[in-house]
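Peer 1: Mind looking at a prediction? Sequence and model below.
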Amino acid sequence: MTTAGKSASMAEIKTDADPLRLMDVDHVRFHVGNAKQSAFFYAHNFGFTVAKYADLTTGSRDAASYLLTQGNIRLLLTTGLHRDHPAQEEVALHGDGVKDIAFAVRDAAAAYEQALKNGGESAYEPIELPGESGDGMVVMAGIRLYGRCVHSFVSRSGVYQLEKMQAGGPFLPQFKDVKTFTLNDYNRKHPCGLRFVDHCVGNVELGGMNRWVSWYEDVLGFKLFKHFDDQDISTEYSALMSKVMDSGFGVIKMPINEPAAGKRKSQIQEYLDWHADTPGVQHIAFRTDDELESVAELRRRGVDFLRIPETYYETVWERVSKMGWEVKEDHEKIHRLGILVDADEEGYLLQLFTKPLQDRPTLFFEIICRRGSQSFGKGNFKALFQSLEQEQARRGNL
């Protein structure tokens, strides 16, 4: 059994009776400066459907939120409507970014209590959100993650059941369906093919990685899936270290990065410098079944991706072939689209990373397609770092 397979099996020892048995990524909440404008950005550039909203017109007096969907991905964009709202404080400190990676569980209150017993710290106590007509309920509770981030537990009943919500049913009380939004029709006809959240990467301070690895093991019952040190992820100038935590049952993986010593500033340290010296989510990886079609459509929409050195394609095909795999996709098109390719014992993958999604060099997205490989592109790290260093130099942060 491979290391990855062994770790995944260990992570799946949990049964349905375990309150911390995760069923899905319920949603990922962003705190943003202007939710309405952000919704348009993600709909236009990444093909998300603006599905539901809650604002002053629906009875939400403290915040405006938009639920964006694509495949089984749900992004919740929230802006505070007064200066004391927590979202406004987050935006002032960090700019737009991820606040909450929320997990679907059987019983949110029970999951919360178990996480506290395991050493977790409360972010907020269980909240019951009954439906307006008594036809169901959503229960939410949260624990603190690295920095100012949160993991919420979400359980659903009645019309809010997880399966119904996944199929486009009600999300939360006070949220209404978006009736008319021109881009929704356009995106249905021109899909980007993003299916679900593959992994979310957190950046923590030097020396913080192992502490948060232990936290995921002790508090949530995750297992170590992969480990990359500064020999794996480095160039002549900068390096980082990373450990990948696995939830089990194919729900999500949570890599944790910390900076490593180098001649110049690493991408992790740049992130921390522009994130108020606070750990947080560096990027979200979205899975697609067709990397070439997804990247081509995203590029057509104007998404800015990192530029990969031309020399990368002089050796990549031989490197993947030596691992025993033949890349079936069109090699010339992969080159033209600037897509990265890597392989391990289980197969190969294709991936590409956007540039930062806002002016601060913090949050970005990854588009990934797995053809058997369950790794994270170890063979691409050097080329990726060289590209990142070029961008850091342009920003004056290297």
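Peer 2: Nice, I can see it. Numbering: from 1, shown residues only.

Peer 1: For the residue nearest the centre of the chain, which non-adjacent residue is closest in space?
Peer 2: Among the residues of the chain, the one closest to the centroid is residue 284, at 2.5 Å (Cα atoms, centre = their mean). Among residues not flanking residue 284 along the chain, residue 200 sits closest, at 5.3 Å (Cβ to Cβ, 6 or more residues apart in numbering). Where you see a C-beta, it was placed from the backbone N, CA and C, and this is true even at glycine.

Peer 1: And that neighbour, how close does it get to residue 25?
Peer 2: 8 Å (Cβ to Cβ, to the nearest Å).

Peer 1: tell me, what's touching these two both at once?
Peer 2: Overlap of the contact sets of residue 200 and residue 25 (by Cβ atoms under 8 Å, 6 or more residues apart in numbering) consists of 101, 252.

Peer 1: ok, now how distant is the residue nearest to the centre of the chain from residue 156?
Peer 2: 23 Å.

Peer 1: Okay, and the residue nearest to residue 284 sits in which element?
Peer 2: Secondary structure from DSSP states H and E places residue 200 in strand 194-203.

Peer 1: Check residue 36 too.
Peer 2: Judged by DSSP H and E, residue 36 forms part of helix 35-46.

Peer 1: What of residue 294?
Peer 2: If you go by DSSP H and E, residue 294 is part of helix 291-300.

Peer 1: what angle sits between that helix and helix 35-46?
Peer 2: 130 degrees (axes from the mean of the first three to the mean of the last three Cα atoms, to 10 degrees).

Peer 1: for helix 291-300, packing partners?
Peer 2: helix 331-337, strand 347-353, strand 364-371 (3 or more Cβ pairs under 8 Å, 6 or more residues apart in numbering; DSSP states H and E).

Peer 1: coming back round to it: what about the residue nearest to residue 284, neighbour count?
Peer 2: 20 (other Cβ atoms under 10 Å).

Peer 1: Test my guess that it contacts residue 281.
Peer 2: Yes. Counting by Cβ atoms under 8 Å, residue 281 is a contact partner of residue 200 at 5.7 Å.

Peer 1: okay, and the common contacts of these two?
Peer 2: Between them, residue 200 and residue 281 share the contacting residues 98, 101, judged by Cβ under 8 Å, 6+ apart.

Peer 1: Show me the domain layout of the protein.
Peer 2: Here the domain parsing of the chain from automatic domain parsing is 10-188, 194-395.

Peer 1: Confidence-wise, which of these is weakest overall?
Peer 2: In terms of average pLDDT, domain 194-395 trails the rest of the domains of the chain, at a mean of 89.

Peer 1: Quick check: end-to-end length of it?
Peer 2: In domain 194-395, first residue to last residue: 30 Å (Cα to Cα, to the nearest Å).

Peer 1: What about the residue sitting furthest away from the middle of the chain? Give its phi and psi, please.
Peer 2: Ranked by distance from the centre of the chain (Cα atoms, centre = their mean), the top residue is residue 133, with 33.8 Å. The phi/psi pair for residue 133 (degrees, to the nearest 10) reads phi -110, psi 20.

Peer 1: Roughly how far does it sit from residue 371?
Peer 2: Residue 133 is 47 Å from residue 371, by Cβ to Cβ.

Peer 1: Identify the residues contacting residue 176.
Peer 2: 52, 53, 54, 58.

Peer 1: Over to residue 28?
Peer 2: Residue 28 touches 73, 74, 75, 76, 98, 100, 101, 102, 197, 200, 284, counting by Cβ under 8 Å, 6+ apart.

Peer 1: tell me which of those residues is nearest to residue 169?
Peer 2: Checking these against residue 169 by Cβ to Cβ gives residue 74 as the nearest, at 12.0 Å.

Peer 1: Check which helices and strands the helix or strand where that closest one lies sits against.
Peer 2: According to DSSP H and E, residue 74 maps onto strand 73-80. On a contact count with 3+ Cβ pairs under 8 Å, 6+ apart, strand 73-80 meets strand 24-31, helix 35-46, strand 63-70, helix 86-94, strand 194-203.

Peer 1: tilt between that strand and helix 35-46?
Peer 2: Going by the same axes, to 10 degrees, strand 73-80 is angled at 150 degrees with respect to helix 35-46.

Peer 1: partners of strand 73-80, with directions?
Peer 2: In its sheet, strand 73-80 lies beside strand 24-31 (parallel), strand 63-70 (antiparallel), with partners assigned from DSSP bridges.

Peer 1: closest one to residue 222 among the ones you listed?
Peer 2: strand 24-31 (13.8 Å).

Peer 1: Going toward the C-terminus from the helix holding residue 294, what's the next helix or strand?
Peer 2: helix 316-322.

Peer 1: can you list contacts of that following helix?
Peer 2: Here helix 316-322 has contacts from 327, 331, 340, 341, 342, 343, 348, 379, using Cβ under 8 Å, 6+ apart.

Peer 1: Tell me the most packed of those residues, by neighbour count.
Peer 2: Result: residue 341 is most packed of the contacts of helix 316-322 (other Cβ under 10 Å), 27 neighbours.

Peer 1: pretty sure that residue is touching residue 327, no?
Peer 2: Yes. Assessed by Cβ under 8 Å, residue 341 is found in contact with residue 327 at 5.9 Å.

Peer 1: residues bridging contact with those two, i.e. touching both?
Peer 2: 317, 320, 334, 348, 350.

Peer 1: All set, thanks.
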